[in-house]
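Student: sequence-free structure coming up:
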């Protein structure tokens, strides 16, 4: 499988705090990768560096062998790396339909970067209706985004990221703020859409059930480093991950465990 | 989907205005003419407001348009209204494109104050320019319309009026189409959430820049038409109180529909004319009270009177 996204020797310091410490990751085409770690472990810093919001102190990020490190978020988005937000970022005074239409409109008017994508979109209106159906938002079509329930806002936020035809989708805690009953339905829908559009996905998630069920690979972050990288089952069973990320093993117990080995 | 009646109303009103022109008393014709000029300027203000920025310096372009038109007559002895309007459009487009390079980086109060500062620079320059009449300004005589001499003929007044009606129609139709296009939606999206617009791949600054230029050209057209209608221009057109009036009428009108600025401008001019007539010393108070009432009871502007009960659009 081809590598679409690669980070080489990424470092990021905020004063004395190290938010990224020699991060080396290569992500394959069509992979679904989970990013786990406690708060402040560096997951969001990593996402922010990939989308160009933060510039790494050193190291480079390549997308399809092209160095994207110096590019702005907008330029990176136009290349095909798009993100959703932990707190939904919507156009609150526009309807759900118009929220998506803005995205489709940007693609259609986007020029050569999106020429291929806009070719098989059809009319913008049809494209939006197709997306509304795929994300089961048709019932909310003409509702203003500002009055939607939180779960639907979350879904619309992800749909908006998908509207601009990404090659790589970065989801920042897609199920936070979504009720326990809704979260699997939401992830099923997102994954279905992602497979249909052949998108590589990286998502930050605290819910290990979700991580285990939807990812093929997990990156565990701790203090800016990647402490484990591999299949979900293996990573979640890793002693360091259990100690620092999922908190299943307390430090004392972990110590004992090591001693016993 | 309900049909949008905006364009048919715009066409109907334009035709009615053209038809009743010849039988209107002079004062009414002048009132409508000046209101439409104002309406065109406020139409541009509305576009900026919908993009989430407010310019407190659109008097700059109002004045620049008027002076571009007037200077042609004063200095170059060209007094064709069509040429004057083209000159106004070019001058305002060039200046706003240049100033936009700076303004596009600012938002909110900074955008407002910086635009105000630019307009006051023009005011200052004009007051000091004795060749253009300093603070007194000068009279302009637009004698021809597209090569045909109208000055001194019975249709002179009507020609000016019809020109304004025509431009108001064109400006309204253009803006209606623009607001309902992708760019129009993008403007609202920027007002709602700039961050998201950037993360969807569109440049917020470019959109603000383009919309700033469009609104400036609208102000220039309004200024040139007002200069032609009134026959006199002075630097007061660039003074901050003039810019303030545009913001005032913009808020009074509401940003929901392209007809709103014209309605707002007409009401504004009417109140001003009558208030000035009946209480020359306190006419601003009448405007102030009107504004207070509108803000208290119609926070969405006058236009919300027509959209009440309907779904917020």
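Tutor: Received, thanks. This structure is a prediction, so every number in the text was calculated from the model and none was measured.
Student: Next up, the contacts around whichever residue of the stretch 201-313 of chain B sits closest to chain A.
Tutor: Using CB to the nearest CB, residue B:201 is the residue of the stretch 201-313 of chain B that sits closest to chain A, at 4.1 Å. Yep, even glycine has a C-beta here, placed from its N, CA and C like the rest. Shown in contact with residue B:201 (CB atoms under 8 Å, 6 or more residues apart in numbering or on different chains): A:74, A:77-78, A:82, A:106-107, A:110, A:164.
Student: for residue B:91, same thing?
Tutor: Residue B:91 neighbours (CB under 8 Å, 6+ apart): B:64-65, B:68, B:220.
Student: between those residues, which is closest to chain A?
Tutor: residue B:220 (26.5 Å).
Student: For the residue of the stretch 201-313 of chain B closest to chain A, which non-adjacent residue is spatially closest?
Tutor: residue A:77 (4.1 Å; CB to CB, 6 or more residues apart in numbering or on different chains).
Student: Now do the strands in the stretch 51-200 of chain A.
Tutor: Here the stretch 51-200 of chain A has its strands, by DSSP state E, counting those that start in this stretch, at A:58-63, A:66-67, A:81-83, A:168-172, A:200-204.
Student: out of the ones you listed, which comes closest to residue B:258?
Tutor: Of all the strands of the stretch 51-200 of chain A, strand A:81-83 sits nearest to residue B:258, with 33.5 Å by CB to CB.
Student: which bits of chain A sit near chain B?
Tutor: Selection of chain A residues close to chain B by CB under 8 Å from any CB of the partner chain yields A:51, A:73-74, A:77-78, A:82-83, A:85, A:89-94, A:98-99, A:101-103, A:105-110, A:124, A:142, A:144, A:160-161, A:163-164.
Student: could you redo the last one with a cut-off of 7 Å?
Tutor: Counting by CB under 7 Å from any CB of the partner chain, the residues of chain A close to chain B are A:73-74, A:77-78, A:82-83, A:89-94, A:98, A:101-103, A:105-106, A:109-110, A:144, A:160, A:164.
Student: Now, of these, which are buried?
Tutor: When the residues of chain A next to chain B are checked for burial by 16 or more other CB atoms under 10 Å in any protein chain shown, the buried set is A:73-74, A:77-78, A:82-83, A:89-94, A:98, A:101-103, A:105-106, A:110, A:144, A:160, A:164.
Student: Mind checking which of the residues you listed land in helices?
Tutor: A:73-74, A:77-78, A:98, A:101-103, A:105-106, A:160 (DSSP state H).
Student: Kindly reformat these as a markdown table containing pLDDT.
Tutor: Shown next, in a markdown table, are these (pLDDT from 0 to 100):
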| residue | pLDDT |
| --- | --- |
| A:73 | 91 |
| A:74 | 90 |
| A:77 | 91 |
| A:78 | 89 |
| A:98 | 94 |
| A:101 | 93 |
| A:102 | 93 |
| A:103 | 91 |
| A:105 | 89 |
| A:106 | 89 |
| A:160 | 93 |
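Student: what would the residues you listed look like in JSON lines with distance to residue B:298?
Tutor: Formatted as JSON lines, those follow (distance: CB to CB, whole Å):
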{"residue": "A:73", "distance to residue B:298": "39"}
{"residue": "A:74", "distance to residue B:298": "38"}
{"residue": "A:77", "distance to residue B:298": "39"}
{"residue": "A:78", "distance to residue B:298": "41"}
{"residue": "A:98", "distance to residue B:298": "24"}
{"residue": "A:101", "distance to residue B:298": "29"}
{"residue": "A:102", "distance to residue B:298": "28"}
{"residue": "A:103", "distance to residue B:298": "33"}
{"residue": "A:105", "distance to residue B:298": "31"}
{"residue": "A:106", "distance to residue B:298": "34"}
{"residue": "A:160", "distance to residue B:298": "32"}
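Student: Just the local confidence number for residue B:140, please.
Tutor: Looking at residue B:140, its pLDDT reads 87.
Student: which residues does the nearest residue to it once chain neighbours are set aside contact?
Tutor: Closest residue to residue B:140 apart from its sequence neighbours, by CB to CB, 6+ apart: residue B:70 at 4.3 Å. By CB atoms under 7 Å, 6 or more residues apart in numbering or on different chains, the contact set of residue B:70 is B:138, B:140, B:227, B:233.
Student: Which pLDDT does the model give residue B:70?
Tutor: 88.
Student: which pair in the contacts of residue B:201 spans the largest distance?
Tutor: A:74 and A:107 (13.5 Å).
Student: Smallest gap between the stretch 101-250 of chain A and chain B, at which residue?
Tutor: Counting by CB to the nearest CB, the stretch 101-250 of chain A gets nearest to chain B through residue A:105 (3.6 Å).
Student: Provide a complete list of residue ranges assigned to helices in the stretch 101-250 of chain B.
Tutor: Along the stretch 101-250 of chain B, counting by DSSP state H, counting those that start in this stretch, helices occupy B:108-128, B:156-179, B:182-192, B:194-199, B:204-230, B:240-253.
Student: Say whether chain A is contacted by the third one.
Tutor: Yes: Helix B:182-192 reaches chain A (CB under 7 Å from any CB) through B:182, B:185-186, B:188-189, B:192.
Student: Quick one: neighbours of the closest residue to residue A:82 other than its chain neighbours, just the number.
Tutor: Nearest non-adjacent residue to residue A:82, counting by CB to CB, 6+ apart: residue A:166, 3.7 Å away. The number of residues packed near residue A:166 is 23, by other CB atoms under 10 Å in any protein chain shown.
Student: my guess is residue A:166 contacts residue A:84, does it?
Tutor: No: contact between residue A:166 and residue A:84 fails when scored by CB atoms under 7 Å: they sit 9.9 Å apart.
Student: The residue nearest to the residue of the stretch 101-250 of chain A closest to chain B when sequence neighbours are not counted: neighbouring residues, count only.
Tutor: Nearest-residue entry for residue A:105: residue B:182, 3.6 Å, with adjacent residues in sequence omitted and distances by CB to CB, 6+ apart. If you count neighbours by other CB under 10 Å, residue B:182 ends up with 18.
Student: again, but for the one 4 residues further on
Tutor: Using other CB under 10 Å, residue B:186 has 25 neighbouring residues.
Student: and it, what does it touch?
Tutor: Contacts of residue B:186 by CB under 7 Å, 6+ apart are A:102, A:105, B:197, B:202, B:207.
Student: go with 8 Å
Tutor: A:102, A:105-106, B:197, B:202, B:207.
Student: From residue B:223, how far off is residue A:133?
Tutor: Distance, residue A:133 to residue B:223, by CB to CB, to the nearest Å: 50 Å.
Student: Which one's more surrounded, the two?
Tutor: A direct count of neighbours by other CB under 10 Å for residue A:133 and residue B:223 places residue B:223 higher, at 33 against 11.
Student: Could you pull out the helices in the stretch 1-150 of chain A for me?
Tutor: Counting by DSSP H, counting those that start in this stretch, the helices of the stretch 1-150 of chain A are A:43-50, A:73-79, A:96-108, A:115-119, A:124-134, A:150-163.
Student: where among these is the average confidence lowest?
Tutor: helix A:115-119 (a mean of 57).
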